[in-house]
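# need coordinates for the below:
(2 chains)
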Amino acid sequence: MPQYKQFPLPDTAEGLTEAEILTWHVKPGDTVAVNQIIVEIETAKAAVELPCPWAGVVTELLAEPGQTVEVGVPIITIDTDPGGAAAPAAPAPVAASAEANGTSSGKIGEEMPGGRIATLVGYGPKSGTAKRRARKDAAPAAAVAAPPAPAPAPVPVAAPVVQAPAPVAPGGYVPLAKPPVRKLAKDLGVDLHVLTGSGPGGVITREDVETAVSAPAAPAAAAASSVDNSTRERRVPIKGVRKATAQAMVDSAFTAPHVTEFLTVDVTPMMELRAKLKNAPEFRGVKLTPLAFCAKAVILAARRTPDVNATWDAAANEIVYKDYVHLGIAAATPRGLVVPKVRDADRMSLKELAVALDELATVARDGKTSPADMMNGTITITNVGVFGVDTGTPILNPGESAILALGAIRDMPWVVDGEIKVRKICQLALSFDHRVVDGQQGSQFLADVGALLAEPGIAMTY
Amino acid sequence: MSSPEQWTHPEPDAAPAATAAKPTAEQVIAGLRATDEGGADLVQLLTPEGERVSHPDFDIDITAEELRGLYRDMVLIRRVDREANALQRKGQLGIWVPLLGQEAAQIGAGRAMRETDMAFPSYREHGIAWTRGIKPTDLLGIFRGTDMGSWDPVEKRFHPYTIVIGNQVLNAAGYAMGQKFDGKVGDDEGEATMCFFGDGATSQGDVHEGFVWAAVYDAPLVFFCQNNQWAISEPTERQSRLPLYQRARGYGFPGIRVDGNDVLATLAVTKWALDECRHGNGPILIEAFTYRMDAHTTSDDPSRYRLSDELEMWKLKDPIERVKVYLVRQQWADSEFFEGVEAEADALGEELREFCTNMPDPPAERIFSNVYAEGNPNLEAQRDEFLDYVSGFAGGEH
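Residues are numbered from 1 along each chain as shown, chains lettered A, B, ... in the order given. Model prediction:
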């Protein structure tokens, strides 16, 4: 009996979907041997010769030279038992229909019984329309709606008695514990899954493990409930100010190369001046804070080092120097961090600055700072001192080239004229965009600000 | 230097070499010479014409039976290679990595190893696997995507194939250092390690690190670099400015270039190198100068980047033919022997075809079972979930 076998086009390189038939080396009626080269094809990667998988007689070629064939579609029919009685006059129906269709490449695939043909790599030819494989229980609506997670229902049925601590819910809870604690638990034979972490964020601590060893037999129910950490977590959508802050910080940190410099200053003279001015009639009712002095110092110093008040315009390939100062003040508010601006701060006197800053703070704290108020700053001060913090490494407000952190003013021992005295000491930290500001300019600016705070009289020289 | 007139009046047809679409005749000749000649330092004991030559430092006493064995090894592994290549072309393997042309380098090196020596292969070392007693059928699963290599690396002293280029050099260096620390080095009974990689791998950082560690710890490690001239489409001139074996000098250990198409020379040099290592004089670099006669893998088309002249020239240096000529000339083998080997090769080819086409797909559970040595509740839960999902389809297991 003739036995017909069809050779589907293989994927000759990883993940190809089709190939073009270049040349047939055999024709119908030829006797072929195993591994005899029968056809040359060209894929997206290479021209490749295909060997014959079986010995026999070629019955039919199912694709013509020049034709593009999808992987998995038969290209040749071979009679592997030509010695059989019946003459190959009645070939397989597949072959007959393919013959009738001649050159159409799509038809060959469609006419195959069984539709899609499995291939080792890739997905084989498309079979008409895409459809899902049938599930055993054909209750479509319910099956689609519910994800195929194993239902917990079988558990009580299978084991109505008291259970050992239930294994973890599938989908992935891994107990939080540091590696040494995991090691300890392993050594002591404690299953971390049944413990409730007492550390921050539910982390299982060494003590938790040790307690579990000394007081075993924790009730299974409690253990099971401890698994669910989500009840002790609070998830807040990232939006609004938090989102804008995060975006601005990330943008800034990853675009502007930050450099931060520090300076510790004896601001006793500034505090003395402040005490004097507070009693002056001109400043009656004005909230004269160290921040106001700092703002004045920044504005004066920026006049000598305009680079810190400039902007890196990457799009235009220019550095924009500004003859005005819109001074940003980073303010903590119930809504988060906002940076409202004092417009044209460089034209203001100390008193005007102090008033403007006070207003700014009030508006910000009331949550009434408008987006427009936060736009187009040129340089920023962040007053971390109000939190009792000494200093920090501030991140630039996007678009600006410098930000100054004003630390807390403390009574500290300080050497004055060779003697240790108690003085008002404050730390300044300046972060600047090193693309715009070099170390020299940055250092000079910071030194100038420090000098102005250490001896406000220096301002006379500006 | 050319004269100033030429600066201003270049010859109209003389395009600068770097931008010429086609290489000049000189470049072609230089290229052929570079790959054709192993250089003056090349160790060779059997010429491509099948003539036995002597070498002042390396020689080997080989019996007729031993040489017939080497011939049989090479013919059989070449058949395995061709059969597997054809199986890929028939859609039975996802990919195959041909060794055609490198039979002598691998059989020579593999037969030089003792049972106690350890080997770290890359992914083309089918010949080495053969000499370690691994059945060729055991290699097929890797290339069909059904397993990761089914042999026991400890029992066979043959590490699983490493696909990442050069990575096994680190593993081998560490293993060889371990042999030294365990006191298994120092006399005739000592152990050694062999690490196999290609010319392209020598550009990898891992190989450099392996060289450094092995050197400073005197690890009993033979670095066996099969320089088959092409790192996929990159020629060796894109890997190095000096012959690869000379790199060893910079690390402080000997480097030797051997004719990798000469099974006798490869056997002799590798035996010597392994003996040096087992006596504590390692490491040693061997550059087996050979040629990849087929594509890098079945996904590659070498006609796009190398000249057929080069291939034709290397055909004349075939590693198997020269042994056949020598066996006949010495009257060490008759036609009965050659026909016998041929029949054995045919049977092996058929065994591979049978095995490959009937290879069962591994159960879905295998995705999970080889991840951790001990269980993991999280993974087990995932496994159960997945198996439950898979079994939910009508019509049996996928």
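# quick check: closest non-adjacent residue to residue B:220.
In space, and not counting its chain neighbours, residue B:220 is closest to residue B:277: 3.8 Å by CB to CB, 6 or more residues apart in numbering or on different chains. Using the backbone N, CA and C atoms, a C-beta is placed for each residue, glycine as well.
# pLDDT score for the one you found?
Model confidence at residue B:277, given as pLDDT, is 97.
# please verify my assumption that residue A:206 contacts residue A:184.
Yes - Residue A:206 lies in contact with residue A:184 (CB atoms under 8 Å); the separation is 6.3 Å.
# shared neighbours of the two, anything?
Common contacts of residue A:206 and residue A:184, defined by CB atoms under 8 Å, 6 or more residues apart in numbering or on different chains, are absent altogether.
# look at these two and report which has more neighbours.
residue A:184 (18 against 14; other CB atoms under 10 Å in any protein chain shown).
# so that one sits in a strand?
No - read with DSSP: H, G, I helix; E, B strand; the rest coil, residue A:184 is helix and lies in no strand.
# run through the residues that contact it.
For residue A:184, the residues meeting the contact criterion (CB under 8 Å, 6+ apart) are A:190, A:206, A:209, A:210.
# send the alpha carbons of the host helix or strand of the last one over as PDB?
So the one you mean is residue A:210. Element membership for residue A:210, per DSSP states H and E: helix A:206-214. Provided in PDB are the C-alpha atoms of helix A:206-214 (Å, rounded to 0.1, in the frame of the first residue of the first chain):
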ATOM      1  CA  ARG A 206      15.000  37.900  65.500                       C
ATOM      2  CA  GLU A 207      12.900  38.300  68.600                       C
ATOM      3  CA  ASP A 208       9.800  37.100  66.800                       C
ATOM      4  CA  VAL A 209      11.500  33.900  65.900                       C
ATOM      5  CA  GLU A 210      12.900  33.400  69.300                       C
ATOM      6  CA  THR A 211       9.500  34.000  70.900                       C
ATOM      7  CA  ALA A 212       8.000  31.500  68.500                       C
ATOM      8  CA  VAL A 213      10.400  28.900  69.700                       C
ATOM      9  CA  SER A 214       9.900  29.500  73.400                       C
END
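# got the contact list for that helix?
Counting by CB under 8 Å, 6+ apart, A:177, A:180-181, A:184-185, A:188, A:190, A:192, A:194-199, A:218 sit against helix A:206-214.
# any weak-confidence spans in chain B?
Applying pLDDT under 70 to chain B flags the ranges B:1-38, B:395-398.
# can you pull the residues of it lying near chain A?
Counting by CB under 8 Å from any CB of the partner chain, the residues of chain B lying close to chain A are B:82-83, B:86, B:88-95, B:144-145, B:295, B:298-301, B:303-304, B:349, B:353, B:377-378, B:380-382, B:384-385, B:388-389, B:392-395.
# please redo it, this time with the cut-off set to 6 Å
B:86, B:89-91, B:94-95, B:299, B:301, B:377-378, B:381, B:385, B:388-389, B:392-394 (CB under 6 Å from any CB of the partner chain).
# out of these, which end up buried?
Among those, those buried by neighbour count (16 or more other CB atoms under 10 Å in any protein chain shown) are B:86, B:89, B:90, B:91, B:94, B:95, B:299, B:301, B:378, B:381, B:385.
# the third one against residue A:53, yeah?
Yes - taking contacts as CB atoms under 6 Å, residue B:90 lies within contact range of residue A:53: 4.6 Å.
# mind listing the strands for the stretch 1-150 of chain B?
Using DSSP state E, counting those that start in this stretch, the strands of the stretch 1-150 of chain B run over B:118-120.
# run a quick neighbour tally on the residue of the stretch 101-250 of chain B found nearest chain A.
Nearest to chain A, among the residues of the stretch 101-250 of chain B, is residue B:144, at 7.0 Å (CB to the nearest CB). Using other CB under 10 Å, residue B:144 is surrounded by 21 other residues.
# next one: residue B:98
With other CB under 10 Å as criterion, residue B:98 counts 22.
# show the contacting residues for it.
By CB atoms under 6 Å, 6 or more residues apart in numbering or on different chains, the contact list for residue B:98 reads B:81, B:85, B:294.
# so who does residue 55 touch?
As the question left the chain open, I've gone with chain A. A:33, A:34 are the contacts of residue A:55 under CB under 6 Å, 6+ apart.
# hmm, no, I was thinking of chain B.
residue B:43.
# rewinding a little: got the buried residues for the helix holding residue A:210?
Going by neighbour count (16+ other CB under 10 Å), the buried part of helix A:206-214 is A:208, A:209, A:212.
# do you have the helices of the stretch 201-350 of chain A handy? List them.
Here the stretch 201-350 of chain A has its helices, by DSSP state H, counting those that start in this stretch, at A:206-214, A:220-226, A:240-255, A:268-279, A:290-304, A:350-365.
# adding mean pLDDT and distance to residue A:389, write the ones you listed out as CSV.
Below are the helices of the stretch 201-350 of chain A laid out as CSV (pLDDT from 0 to 100; distance: least, CB to CB, whole Å):
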stretch, mean pLDDT, distance to residue A:389
helix A:206-214, 86, 31
helix A:220-226, 47, 37
helix A:240-255, 75, 18
helix A:268-279, 92, 19
helix A:290-304, 93, 14
helix A:350-365, 89, 18
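# quick one, the strand ranked longest in chain A and helix A:290-304 angle?
Across chain A, the longest stretch assigned as strand under DSSP state E is strand A:419-433. Angular relation of strand A:419-433 and helix A:290-304 on a 0 to 180 degree scale: 60 degrees, by axes from the mean of the first three to the mean of the last three CA atoms, to 10 degrees.
# downstream of strand A:419-433, the next helix or strand is which one?
helix A:439-454.
# for the residue lying closest to residue A:283 once chain neighbours are set aside, the count of nearby residues, please.
Of all residues not flanking residue A:283 in the chain, residue A:277 sits nearest, at 5.0 Å (CB to CB, 6+ apart). Residues lying near residue A:277 (other CB under 10 Å) number 18.
# residue A:277 against residue A:287, yeah?
No - in this structure, residue A:277 is not within contact of residue A:287 by CB under 6 Å, at 11.8 Å.
# any figure for the gap between the residue nearest to the spatial centre of chain A and chain B?
By CA atoms, centre = their mean, chain A has its centre lying nearest to residue A:250, at 10.8 Å. Here residue A:250 is placed at a distance of 32 Å from chain B (CB to the nearest CB, to the nearest Å).
# show me what from the stretch 251-400 of chain A comes close to chain B.
So the stretch 251-400 of chain A never meets chain B (CB under 6 Å from any CB).
# quick check: the residue of the stretch 251-400 of chain A nearest chain B.
residue A:254 (27.6 Å).
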